[in-house]
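>>> here is the input, now give the coordinates:
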Amino acid sequence: MTPDKNVKILATLGPAIKGIDDIRQLVESGVNLFRLNFSHGEHADHAERFNWVREVEKQLNYPIGILMDLQGPKLRVGRFADGKVMLQRGDSLRLDLDKTPGTAQRVNLPHPEIIEALQPGMSLLLDDGRLRLQVTAKHADAVDTTVIAGGELSDRKGVNVPEAVLQLSPLTEKDRRDLSFGLELGVDWVALSFVQRPEDIIEARELIQDKAFLMAKIEKPSAVEHLEEIAKLCDAIMVARGDLGVEVPAENVPRIQKDIIRTCRQLGRPVVVATQMLESMRFSPAPTRAEVTDVANAVAEGADAVMLSAETASGDYPMEAVSMMSKIIRQVENGPDFQAQLDVSRPHAEATASDAISCAIRRINAILPVATLVNYTESGASSLRASRERPKSMILSLTPNLNTARRLTLAWGIYSVVNERLHKVEEITSTALEIAQAQGMAKRGDTVVITAGVPFGQPGSTNSLRIETLH
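Just a heads-up that it's a prediction; the model follows:
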């Protein structure tokens, strides 16, 4: 499989994907890694899909990443005596800890941490933001609210609290069980939902340790405020526009997305843009023009990956959605201004040998017709620094570690081959050229740039750069 795009595709697995053949078709259409959404499905379902991906990985001899997405706390109102109520603007509604079925005047809110955090004047959003309440009074075990935007409210609808930081761990008991299961399976990435503050990342790190890379989902206003601190503590960021679009004004989401991508690129953290990218393709074989533009903008802004959710998990046209996303990515990347835009927004280099070499790669790549950039890496760190520069040519990452190869499937422009650890400096050039040709990333007469660290096997030791011609 010869790589043909820099921006990666993360596709969610669900009941629409029936088996190994479907997985293989998705990969051949452009998927680089798969998401297991633990908000839905049983452990047995996820294990089966995990095994399908690993089988396709063997068939294609091509590393494929797997991300588990933890559900996080789900904040909901209780049940109503009649199953639902109709709330009008100006109505009063009390939210309390009483488990008695609710009425149009009161309903159970089984989350004391929400009641504790709310103050008069703050807003609550119900049912994905369709209803809005404003707190008028606070009591020990309840809050009184006025309906600002009304509508029908039924049992167990979700609650969003955009203006308060809740004293609530992002990891529920369910999440901890799911995490243990996923790490035992061998997932490569863990996506943490409901991140509010840097301490949430530290808590998750203690559980995950080095068994997987950690991705923080930015979907809370408090996480946006602490973005840089959170990004420094994790391995990647997801712009989770679903809940984020509920908790902040919709018109702010594009700006926040740009800010997150810019921050992550500066820090060298891969960033995924997610939610409703080709939403209409759940039920239609073609996307809307607005959706095409949305994907194209994420690519142009410098995102490492774009994500498909229900489009591939439960939609009627999963293969078509992946194929369309791949076409959009390639179209943008082949545009006349694409590289110039990335160069203008390039991040500041740090005073390290690795960054000096990465910057040199980008300059060489702009001057010479380089077919591919080959980087030897143990941990993947030097490949990520090269990716951060967004060079013209794709990065062929050679690593002795399969886990490293799988984890790099998220990063912009990196395609990995698992290769046994080198022992002699003389092997660097011949091995790199041989693999680049075998992967279809270089041919006779092409220029190849090769970077490596000597002595071998020491993470962070990248200190050599060679320019070679494939004979």
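>>> leaving out the residues flanking it, which one is nearest to R421?
Spatial nearest neighbour of R421, chain neighbours left out: P400 (4.2 Å); criterion: CB to CB, 6 or more residues apart in numbering. From N, CA and C alone the C-beta is placed, and that goes for glycine too.
>>> show me where pLDDT drops low in this protein?
457, 460 (pLDDT under 70).
>>> export the one helix or strand E57 maps to as PDB, just CAs?
Assigned by DSSP states H and E, E57 falls within helix 43-60. C-alpha atoms of helix 43-60 as PDB (Å, rounded to 0.1, in the frame of the first residue of the first chain):
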ATOM      1  CA  HIS A  43     -16.700  -5.800  25.700                       C
ATOM      2  CA  ALA A  44     -17.200  -8.800  23.500                       C
ATOM      3  CA  ASP A  45     -18.100  -6.600  20.500                       C
ATOM      4  CA  HIS A  46     -15.000  -4.400  21.000                       C
ATOM      5  CA  ALA A  47     -12.800  -7.500  21.300                       C
ATOM      6  CA  GLU A  48     -14.200  -8.900  18.100                       C
ATOM      7  CA  ARG A  49     -13.600  -5.700  16.200                       C
ATOM      8  CA  PHE A  50     -10.100  -5.300  17.700                       C
ATOM      9  CA  ASN A  51      -9.200  -8.800  16.400                       C
ATOM     10  CA  TRP A  52     -10.600  -8.000  12.900                       C
ATOM     11  CA  VAL A  53      -8.200  -5.000  12.700                       C
ATOM     12  CA  ARG A  54      -5.200  -7.000  13.900                       C
ATOM     13  CA  GLU A  55      -6.000  -9.700  11.300                       C
ATOM     14  CA  VAL A  56      -6.100  -7.100   8.500                       C
ATOM     15  CA  GLU A  57      -2.900  -5.700   9.800                       C
ATOM     16  CA  LYS A  58      -1.300  -9.100   9.400                       C
ATOM     17  CA  GLN A  59      -2.800  -9.600   5.900                       C
ATOM     18  CA  LEU A  60      -1.500  -6.200   4.600                       C
END
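>>> who does the following helix or strand past that helix touch, helix- and strand-wise?
Sequence-wise, the next helix or strand downstream of helix 43-60 (DSSP H and E) is strand 65-69. In terms of contacts (3 or more CB pairs under 8 Å, 6 or more residues apart in numbering; DSSP states H and E), strand 65-69 is packed against strand 33-37, helix 43-60, helix 173-185, strand 189-192, helix 402-407.
>>> right, and those - which one's nearest K424?
Closest to K424 of the helices and strands packed on strand 65-69, according to CB to CB: helix 402-407, at 21.4 Å.
>>> contacts for the closest one next, please.
Outside helix 402-407, the residues that touch it by CB atoms under 8 Å, 6 or more residues apart in numbering are 33, 63-66, 188-189, 213, 235, 377-380, 397, 399, 416-418.
>>> and the next helix or strand past that helix?
In N-to-C order, the element after helix 402-407 by DSSP H and E is strand 414-418.
>>> same for that following strand, what does it pack against?
Counting contacts by 3+ CB pairs under 8 Å, 6+ apart, strand 414-418 packs against helix 381-388, strand 395-399, helix 402-407.
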